[in-house]
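**Student:** task: produce atomic coordinates for the following.
(one chain, ligands or ions: 2)
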Amino acid sequence: MAEYCEKRGQKAYQIQLFGGEPFVEDRVVDVVVHHARFVASRIGVFPSFAVSTNGLFGPARRRFVGDFFSRVVLSLDGFREFHDRNRPISPDRPSFDEVVETARYLSTARAQLCIRCCVTSESVLHLESIARWLCEEFHPAVVNFEPMTESPESREAGLAPPSPHDFARHALRSWQVLGSHNCEPASAPILTDGLQNTSCPVGKDAVIVHPDGLLASCYLLPSDWEARGMDLTVGRILADGTVDIRMPDVLELRRLIRSKPRCARCFCRLTCAGGCHVNNSYPGCPERYSDSCLATRALTAATLLEDLGQAEVAEDLVTDPEGLDKLSARSSDRVVDMEEGP
Ligand code: SF4
Ligand code: SF4
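**Tutor:** Numbers count the residues shown, from 1 in each chain. Ligands and ions are numbered 1, 2, ... in the order given. The predicted structure is shown next:
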């Protein structure tokens, strides 16, 4: 990659490590960081490092991350009672104190701290106070509130995702709290810089290297997308180190993200653009809106109103069950399909 950048006259590039948890195999992280820095000293193309992590580090690893990484996305799910229910290390070992220690350390390090907070049906009611606490304690540059995705494990633990309308209401208010602390709210399907065909690496010609050399545009396990009848692979790193990228598969992914019956008549189709292509708008998914769609539609409508200087109307929308129900039930936002008018 560094050599490729050098040929193109670029002086810098970014290496992102994510997973799962990259530090489960921390020797790989060490090799990546030190080797990329060694290459930089030889050819003068400089890497910056970003990582998404659960932050379960000892003091030495914390210093390493603080010294070498320019951006850290840390999973911290709010107050102790919420975080420890979501992320126990084992049934009798909670993780809150260790993660808070990491967040505190990183809040004074050179790395940009981004906090990713998984929201459940219980924590959603406290989002505004969680936003305030995160800002006052850790001064993050970015906070991303994400509704929990339900799984057999989450059901077994008695956890449930927030209702879409609760999430929309409290996320909107918590974004105002973040803004008042100069902290940027993040949400790929809603707060985009412009129009987009996809809100994730799929369809952007991204190449994600899996541990076995598989090249794909999504970081999930192949079994996750295969269960949806999808193939998100675009090639492989061969045994001799050659990179084999299959262009027809890249083109097929570009086509895939543009053909979504559910999204065709939704006013968010060029901002949310389908959300997660595996878990939300996969081929053959029901045409009715998912819970994720309902939250996205309400928050996007509220954000548009705020951008038009109508913050009070935005607040009215997310607190009005009837208005939210109407927005949820509207199967087409096209003006020509609206019998009762826009
Ligand atoms: S239908 Fe759902 S997934 Fe598609 S653009 Fe609208 S909100 Fe996003
Ligand atoms: S398809 Fe879903 S899981 Fe895969 S990269 Fe996109 S958003 Fe992430």
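
**Student:** going by C-alpha atoms from here, please, whenever you check contacts or count neighbours.
**Tutor:** OK.

**Student:** number of nearby residues for the closest residue to ligand 2 within the stretch 51-200 of the chain?
**Tutor:** Nearest residue of the stretch 51-200 of the chain to ligand 2, counting by C-alpha to the nearest ligand atom: residue 200, 4.5 Å away. By other C-alpha atoms under 10 Å, 19 other residues sit near residue 200.

**Student:** quick check: phi and psi on it?
**Tutor:** As for residue 200, its main-chain torsions (degrees, to the nearest 10) stand at phi -140, psi -180.

**Student:** helix, strand or coil for the residue in the stretch 51-200 of the chain that ligand 1 sits nearest to?
**Tutor:** Nearest residue of the stretch 51-200 of the chain to ligand 1, counting by C-alpha to the nearest ligand atom: residue 189, 7.2 Å away. The assignment at residue 189 comes out as coil when based on DSSP: H, G, I helix; E, B strand; the rest coil.

**Student:** not including adjacent chain positions, what is the nearest residue to it?
**Tutor:** Counting by C-alpha to C-alpha, 6 or more residues apart in numbering, residue 189 lies nearest to residue 272, which is 3.8 Å off, once chain neighbours are set aside.

**Student:** and for residue 10?
**Tutor:** Using C-alpha to C-alpha, 6+ apart and skipping the chain neighbours, the partner closest in space to residue 10 is residue 45 (7.0 Å).

**Student:** who's in contact with that neighbour?
**Tutor:** Contact analysis of residue 45 by C-alpha atoms under 8 Å, 6 or more residues apart in numbering lists 2, 5-6, 10-13, 39.

**Student:** if we can go back for a sec, pLDDT at the residue nearest to residue 189, what is it?
**Tutor:** pLDDT for residue 272: 93.

**Student:** looking at this, it is in a helix?
**Tutor:** No. Counting by three-state DSSP, residue 272 is not found in a helix; it is coil.

**Student:** how far away is it from residue 48?
**Tutor:** Residue 272 sits 28 Å away from residue 48, going by C-alpha to C-alpha, to the nearest Å.

**Student:** those two - which one has more neighbours?
**Tutor:** Between residue 272 and residue 48, counted using other C-alpha under 10 Å, the more crowded position is residue 272 (27 against 16).

**Student:** spit out the contact partners of that one.
**Tutor:** Counting by C-alpha under 8 Å, 6+ apart, residue 272 has contacts 188-190, 196, 198-199, 296.

**Student:** now residue 283
**Tutor:** Listed by C-alpha under 8 Å, 6+ apart, the contact partners of residue 283 are 228-230, 260.

**Student:** quickly find the element holding it.
**Tutor:** Element membership for residue 283, per DSSP states H and E: none, as it lies in no helix or strand.

**Student:** and it, its phi and psi?
**Tutor:** Here is the backbone geometry of residue 283 (degrees, to the nearest 10): phi -60, psi 130.

**Student:** tell me the pLDDT of it.
**Tutor:** Per-residue pLDDT puts residue 283 at 92.

**Student:** go on, residue 237?
**Tutor:** 95.

**Student:** return the nearest residue of the stretch 1-150 of the chain with respect to ligand 2.
**Tutor:** residue 19 (10.6 Å).

**Student:** residue contacts, the residue positioned nearest the centre of the chain?
**Tutor:** Nearest residue to the geometric centre of the chain (C-alpha atoms, centre = their mean): residue 188, 6.4 Å. Residues in contact with residue 188 (C-alpha under 8 Å, 6+ apart) are 199-200, 272.
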